[in-house]
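[1] With the sequence up front, the predicted model follows.
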Protein chains: 2
Amino acid sequence: MAKELVFGHQSPDTDAICAAIEYAYLQNKLGYDVEAVALGKPNDETKFVLDYFKQDMPRVITEASSEVDSVMLVDHNEPQQSVSDIDKVTVTHVVDHHRIANFNTEKPVFYRAEPVGCVSTVIFEMFNEKGVEIPAKLAGLMLSAIISDTLLLKSPTTTDVDKKAVKELAKIANVDYEEYGIKMLKAGTNVDARSDQDLIDGDAKSFTMGGKSIRIDQINTVDLNDVLKRKDDLLKAMKAEAESEGYDLFLVIATNVLDSNSEAIIYGEPKDALEKAFNQKVSDDTIALPGVVSRKKQVVPPMTDVLD
Amino acid sequence: MAKELVFGHQSPDTDAICAAIEYAYLQNKLGYDVEAVALGKPNDETKFVLDYFKQDMPRVITEASSEVDSVMLVDHNEPQQSVSDIDKVTVTHVVDHHRIANFNTEKPVFYRAEPVGCVSTVIFEMFNEKGVEIPAKLAGLMLSAIISDTLLLKSPTTTDVDKKAVKELAKIANVDYEEYGIKMLKAGTNVDARSDQDLIDGDAKSFTMGGKSIRIDQINTVDLNDVLKRKDDLLKAMKAEAESEGYDLFLVIATNVLDSNSEAIIYGEPKDALEKAFNQKVSDDTIALPGVVSRKKQVVPPMTDVLD
């Protein structure tokens, strides 16, 4: 049987890289000759996971057809998310948890998709169905991928199947998944390693509301205090940027991805509009935003309502 | 949970109808509320199967959106093979063994496809994976579908997975699958019930080769003698049609779908061209065509080579 490559999508996250490793292991056990590769470098969270479970990072490829005729896809199916020369190879297997779009084959394929929180949950089921034992290291990777995709089982995409998988995998990997998960997500957010400037710019967008120029930045974290303890320094950087760029109001929203709460640091005016918009008091240049995780859905609309 | 419909493709064969019944049973066991329906009437083979295992024929629908919002597809995925208003409903589940083409979803779905001989083989695996017991009647339907799609495990599409499934299902259904399979395929071919005229016209195509007008008809059977025993009557009908339609040469090829052999009844000339084309002797207006099953690939090309 000719060798095939297994890989996840471009700009890989923890699930894309771990799922390729997991599925390659399973397929090799089932008699295929496959190698897990990746379509990009690991992010900080994935580096933490691979390091924690002493797993080598798969090599990164930019094209497949120079090495193999056939490939297996995990965590994606849409061609534009795949390897650059996907049209030059045959896709023989897909394991996924996304919508199916623009995926066409000439011949029948293995295709396994379920609407669950993480593709590693599907691969976990496949190990069980095929009766292939999951080594502790691999269980650790699966567990990490599910925690990553579901934000520790708290994202609205989480299903009971994901929850059950995490509990079983935690036993095999012999880790306290909640404690480990927070460490892992923290490694991914990694606020401590970022500069003040990077934090206020990293995910910032500009808006015009009621004639005011408003800047809204968002920082994902697993501990709001990681951001709030640097409030004085961040305010200095916000002030400098507001003055140079002409922002009337600058919000830096710290969002705790674990408990779905936010708190914003505020520079500029009108602060009273924020109090109205969010029905909270501004105190010491901060405002609590309980239950807020989405700038697009939960921040911009109420501010627009008040200011416009 | 809202009710959903489960169905196979248009112009349903035994697999399309049986797979809908099987998958509906499984999904109802797993907590869904589904009804198996069909997109057309059963053919003679399927009627034999339903009758043999005392299974009611699912009702036939022409559209789905007037009854349900969501559907599950078996044995197909391409929209043009599906219910007429497939674009007005949401597909939540697919179980298939064909290529994937023009199948796009807005949201993640359950999708299970394997490149095996019959979709009932995949459904058989799913029962086992989910630990759902297969009643004898349902095993009979699965068995029949696999025998139908793989021509009793002899078609080139047959895999080891299909063979294993048939053997296990035969035990559960308590049937001798070879004996039953021949009966079933025979019911599908049903040569005895067809008139001479229907037999020589049923699957006939006209060709021009070397200036000659040539008619080639093919009859699938499980026993060449079912056709050959009617040679004299068929020759009479062939002669009448050749004279009225101006055919120089008329071949009626009987193909045994079980052992992949054919024999042709011949009216007209040039018979010696057939002897050359197939390297066989014409005797008593017949010629043996060992190993021939495909008119398109194994009959037309050698005749064209000799006559043109």
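    Sure, I can see it. Since we're looking at a predicted model, the values are computed, not measured.

[2] Mind giving me the packing neighbours of the least confident helix or strand in chain A by mean pLDDT?
    Every helix and strand of chain A was ranked by mean pLDDT, DSSP states H and E. The lowest is strand A:204-209, at a mean of 85. Using 3 or more Cβ pairs under 8 Å, 6 or more residues apart in numbering or on different chains; DSSP states H and E, the elements in contact with strand A:204-209 are strand A:212-221, helix A:300-307. Heads up, the C-betas are built off the backbone N, CA and C, glycines and all.

[3] Mind doing that once more with 10 Å?
    With contacts taken as 3 or more Cβ pairs under 10 Å, 6 or more residues apart in numbering or on different chains; DSSP states H and E, strand A:204-209 sits against strand A:212-221, strand A:249-256, helix A:300-307.

[4] Make CSV out of these and add mean neighbour count and distance to residue B:8.
    Compiled in CSV, those are given as follows (neighbours: other Cβ atoms under 10 Å in any protein chain shown; distance: least, Cβ to Cβ, whole Å):
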stretch, mean neighbour count, distance to residue B:8
strand A:212-221, 21, 46
strand A:249-256, 24, 47
helix A:300-307, 16, 46
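
[5] Mind checking the ones you listed for the one nearest to residue A:75?
    Smallest distance to residue A:75 across these (Cβ to Cβ): 20.5 Å, for strand A:212-221.

[6] what comes up buried for the least confident helix or strand of chain A?
    A:204, A:207, A:209 (16 or more other Cβ atoms under 10 Å in any protein chain shown).

[7] Would you reformat the helices and strands packed on strand A:204-209 as TSV and include distance to residue A:5 and mean pLDDT?
    Converted to TSV, the helices and strands packed on strand A:204-209 look like this (distance: least, Cβ to Cβ, whole Å; pLDDT from 0 to 100):
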stretch	distance to residue A:5	mean pLDDT
strand A:212-221	32	92
strand A:249-256	36	95
helix A:300-307	42	91
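
[8] quick one on the thing from earlier: and the least confident helix or strand of chain A, which strands flank it?
    Counting by DSSP bridges, the strands paired with strand A:204-209 are strand A:212-221 (antiparallel).

[9] Tell me the spacing between residue A:93 and chain B.
    Distance from residue A:93 to chain B, counting by Cβ to the nearest Cβ, to the nearest Å: 10 Å.

[10] So that residue sits against residue A:32, correct?
    Yes. Residue A:93 is within contact range of residue A:32, at 8.5 Å (criterion: Cβ atoms under 10 Å).

[11] overlap in contacts of the two?
    Shared contacts of residue A:93 and residue A:32 (Cβ atoms under 10 Å, 6 or more residues apart in numbering or on different chains): A:4, A:6, A:23, A:70, A:72.

[12] can you tell me which of the buried residues of strand A:204-209 lies nearest to chain B?
    residue A:207 (28.7 Å; Cβ to the nearest Cβ).

[13] wait, what's in contact with the nearest residue to that closest one once chain neighbours are set aside?
    Distance criterion Cβ to Cβ, 6 or more residues apart in numbering or on different chains; nearest residue to residue A:207, sequence neighbours excluded, is residue A:214 at 4.8 Å. Shown in contact with residue A:214 (Cβ under 10 Å, 6+ apart): A:205-208, A:247-251, A:268, A:273, A:300, A:303-304, A:307.

[14] Close to chain B: what parts of the stretch 1-150 of chain A are there?
    A:77-78, A:91-94, A:96-117, A:125-126, A:128-130 (Cβ under 10 Å from any Cβ of the partner chain).

[15] The residue of the stretch 151-300 of chain A at minimum distance from chain B: neighbour count?
    In the stretch 151-300 of chain A, the residue found nearest to chain B is residue A:157; the distance is 9.0 Å by Cβ to the nearest Cβ. Other residues within reach of residue A:157, judged by other Cβ atoms under 10 Å in any protein chain shown, total 15.

[16] Confirm for me that it is in contact with residue A:150.
    Yes. With contact defined as Cβ under 10 Å, residue A:157 reaches residue A:150; the gap is 6.4 Å.

[17] okay, and the common contacts of those two?
    With contacts taken as Cβ under 10 Å, 6+ apart, residue A:157 and residue A:150 have A:116-118 as neighbours in common.

[18] For PyMOL, write the select line for the buried members of the residues you listed.
    Restricted to buried positions by 16+ other Cβ under 10 Å, the PyMOL selection for these reads:
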select buried, chain A and resi 116+117+118
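
[19] now the shared contacts of residue A:157 and residue A:150 in a markdown table, with pLDDT and secondary structure?
    Output for the shared contacts of residue A:157 and residue A:150, formatted as a markdown table (pLDDT from 0 to 100; DSSP: H, G, I helix; E, B strand; the rest coil):
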| residue | pLDDT | secondary structure |
| --- | --- | --- |
| A:116 | 95 | coil |
| A:117 | 92 | coil |
| A:118 | 95 | coil |
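
[20] Go through the shared contacts of residue A:157 and residue A:150 and name the one nearest residue B:14.
    residue A:116 (33.0 Å).

[21] quick one: residue A:101 and residue B:64, what's the gap?
    Counting by Cβ to Cβ, to the nearest Å, the separation of residue A:101 from residue B:64 is 22 Å.

[22] neighbour-wise, which of those two wins?
    Remark: of residue A:101 and residue B:64, residue B:64 carries more neighbours, 22 against 14, as counted by other Cβ under 10 Å.

[23] rewinding a little: among the contacts of residue A:214, which one sits closest to residue A:195?
    residue A:250 (16.8 Å).

[24] and the closest one, what is it in contact with?
    Contacts of residue A:250 were listed using Cβ under 10 Å, 6+ apart, and they are A:200, A:204, A:206, A:213-217, A:234-235, A:237-239, A:241-242, A:264-268.

[25] same check, this time on residue A:278
    Taking Cβ under 10 Å, 6+ apart, one finds A:262, A:264, A:287-290, A:292, A:298-299, A:302-303, A:306 in contact with residue A:278.

[26] Pick the one among those residues closest to residue B:188.
    residue A:298 (61.1 Å).

[27] my guess is the closest one contacts residue A:291, does it?
    Yes. Taking contacts as Cβ under 10 Å, residue A:298 lies within contact range of residue A:291: 7.7 Å.

[28] where exactly do the strands run in the stretch 1-150 of chain A?
    Along the stretch 1-150 of chain A, the segments classed as strands by DSSP state E, counting those that start in this stretch run A:4-7, A:34-36, A:70-74, A:90-96, A:110-113.

[29] Show me how far stretch A:8-22 is from its chain's centre.
    Chain-centre distance of stretch A:8-22: 11 Å, with Cα atoms, centre = their mean, to the nearest Å.

[30] Centre of the chain to the least confident helix or strand of chain A, how far?
    Worked out by Cα atoms, centre = their mean, strand A:204-209 lies 24 Å from the chain centre.

[31] likewise stretch A:209-229?
    Centroid separation between stretch A:209-229 and its chain, computed with Cα atoms, centre = their mean, is 19 Å.

[32] Over to stretch A:23-42?
    With Cα atoms, centre = their mean as the basis, stretch A:23-42 stands 21 Å off its chain's centre.

[33] Stretch A:63-83 now?
    Per Cα atoms, centre = their mean, the displacement of stretch A:63-83 from the mean C-alpha position of its chain is 21 Å.

[34] For that stretch, list the C-alpha coordinates in PDB.
    Extracted C-alpha coordinates of stretch A:63-83, given in PDB (Å, rounded to 0.1, in the frame of the first residue of the first chain):
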ATOM      1  CA  GLU A  63       2.700  20.800  -0.900                       C
ATOM      2  CA  ALA A  64       1.800  17.100  -1.000                       C
ATOM      3  CA  SER A  65       1.900  15.900  -4.600                       C
ATOM      4  CA  SER A  66       5.700  15.900  -4.800                       C
ATOM      5  CA  GLU A  67       5.700  13.100  -2.200                       C
ATOM      6  CA  VAL A  68       2.500  11.100  -2.400                       C
ATOM      7  CA  ASP A  69      -0.500  10.400  -4.700                       C
ATOM      8  CA  SER A  70      -3.100  10.200  -1.900                       C
ATOM      9  CA  VAL A  71      -3.800  12.100   1.300                       C
ATOM     10  CA  MET A  72      -6.100  11.900   4.300                       C
ATOM     11  CA  LEU A  73      -7.700  15.100   5.700                       C
ATOM     12  CA  VAL A  74      -8.600  15.700   9.400                       C
ATOM     13  CA  ASP A  75     -10.500  18.700  10.800                       C
ATOM     14  CA  HIS A  76     -11.300  20.200   7.400                       C
ATOM     15  CA  ASN A  77     -12.700  19.300   4.000                       C
ATOM     16  CA  GLU A  78     -12.900  22.600   2.100                       C
ATOM     17  CA  PRO A  79     -10.200  22.700  -0.500                       C
ATOM     18  CA  GLN A  80      -9.200  26.300   0.200                       C
ATOM     19  CA  GLN A  81      -8.400  25.400   3.800                       C
ATOM     20  CA  SER A  82      -6.200  22.500   2.600                       C
ATOM     21  CA  VAL A  83      -2.700  21.900   1.200                       C
END
